[in-house]
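Asker: sequence isn't available, so here's the structure alone:
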């Protein structure tokens, strides 16, 4: 069992069906389905890791408003409510529009929680004995980066839909991360080229990965290896929200448990692919035994190459 600290957002999320993107205007639309449940990258990553068997401490901000009462209830049910959950004036909320093909568009409201200065001493207490700090790229987490570095705790970050390696906002995370993940959706180049740029620019990083949606995922290791895992969606595709969080969290669990990043990426692609087969993926989880059984039924295809030979 690995001890992991996760710092990030816990939200109340509404998933709402739309016909397609772009959305056509109409004054009133009755959706075929709508679901309300847990959201936020911090809570999602922490929930996945805990259900897979890790000892997880969540550091987050939850409002004292009515939405916050619901979020606290969700965290208690998930076994994540503890001293790392601090009060804020309002809670994070999100609306996720989901098209018939599973494509999603997320509207996160983060302003209220990002205005809170998370108490560094509370974060430092959570770091005691930690094997890994997962530091999401929301504003209130930025000030917590030095505490993890000073205590020698390895850092994993997911930069989500980053589009520019020189973007000033993301530099504090890139400068200290040991493990870097992101989505392919806004990258200016192919995933292997991006990985080569990241690992060349940031020599302190041990690995960098890109979630590529229907093309699976690509992982670059410091020794030059490039691992590609083809997509696997055992239940089809119904809602791609939280696919990135699922890929990231499942990889971290597998890598910490086995030390094998190739196997960990295979499991992570399968986990994320299974989860997006649900109408509300943020409410369904696999434990380690579930994932092992799924792996037997749905083997993934892995190929190897070299990122330092990418042109």
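Answerer: Cool, the structure landed. Note that this is a predicted model, so its numbers are computed, not measured. Numbering: from 1, shown residues only.
Asker: specify the local secondary structure of residue 233.
Answerer: coil (DSSP: H, G, I helix; E, B strand; the rest coil).
Asker: surely it and residue 277 touch.
Answerer: Yes: counting by C-beta atoms under 8 Å, residue 277 is a contact partner of residue 233 at 6.0 Å. C-betas here are computed from N, CA, C, even on glycine.
Asker: contacting residues around residue 178?
Answerer: Applying C-beta atoms under 8 Å, 6 or more residues apart in numbering to residue 178 gives the contacts 154, 155, 156, 204, 205, 206, 207.
Asker: tell me the secondary structure for the third one?
Answerer: So the one you mean is residue 156. Applying three-state DSSP: residue 156 is strand.
Asker: among the contacts of residue 178, who's most crowded?
Answerer: Highest neighbour count within these: residue 156, with 26 neighbours (other C-beta atoms under 10 Å).
Asker: and it, what is it in contact with?
Answerer: 132, 133, 134, 135, 177, 178, 179, 180, 181, 248, 252.
Asker: closest one to residue 117 out of those, please.
Answerer: residue 135 (15.7 Å; C-beta to C-beta).
Asker: what ranges does the chain have for its helices?
Answerer: 41-52, 66-77, 111-114, 120-127, 145-150, 171-176, 191-201, 243-258, 261-275, 288-297 (DSSP state H).
Asker: nearest the geometric middle of this structure, what residue?
Answerer: residue 245 (2.4 Å; C-alpha atoms, centre = their mean).
Asker: so what's that residue up against?
Answerer: 41, 44, 45, 48, 158.
Asker: likewise for residue 301?
Answerer: 229, 230.
Asker: and it, how far from residue 216?
Answerer: 8 Å (C-beta to C-beta, to the nearest Å).
Asker: overlap in contacts, these two.
Answerer: 229, 230.
Asker: which one of residue 233 and residue 277 has more residues nearby?
Answerer: Applying other C-beta under 10 Å to residue 233 and residue 277 shows that residue 233 carries more neighbours, namely 20 against 16.
Asker: grab the nearest non-local neighbour of that one.
Answerer: Leaving aside its sequence neighbours, residue 233 sits nearest to residue 273 (C-beta to C-beta, 6 or more residues apart in numbering; 4.2 Å).
Asker: which residues does that neighbour contact?
Answerer: Contacts of residue 273 by C-beta under 8 Å, 6+ apart are 231, 232, 233, 234.
Asker: what's around residue 225, how many residues?
Answerer: 16.
Asker: show me the longest strand that occurs in the chain.
Answerer: strand 55-63 (DSSP state E).
Asker: neighbouring strands - and their directions - for that strand?
Answerer: Next to strand 55-63 in the sheet, as set by DSSP bridges, lie strand 3-7 (parallel), strand 85-88 (parallel).
Asker: right, so of these, which gets closest to residue 295?
Answerer: Using C-beta to C-beta, the strands paired with strand 55-63 put strand 3-7 closest to residue 295, at 21.8 Å.
Asker: so where's this structure uncertain?
Answerer: 311 (pLDDT under 70).
Asker: how does it look with 90?
Answerer: Residue ranges of the chain with pLDDT under 90: 1, 308-311.
Asker: check contacts around residue 74.
Answerer: Residues counted as contacts of residue 74 (C-beta under 8 Å, 6+ apart) are 10, 12, 37, 38, 43.
Asker: wait, residue 39 sits on residue 47?
Answerer: No: at 10.6 Å, residue 39 does not count as touching residue 47 under the criterion of C-beta under 8 Å.
Asker: still on that earlier bit, residue 149: which of the contacts of residue 273 is nearest?
Answerer: residue 231 (34.6 Å).
Asker: apart from its neighbours in sequence, what residue is nearest residue 154?
Answerer: residue 178 (4.5 Å).
Asker: return the distance of that neighbour relative to residue 113.
Answerer: 26 Å.
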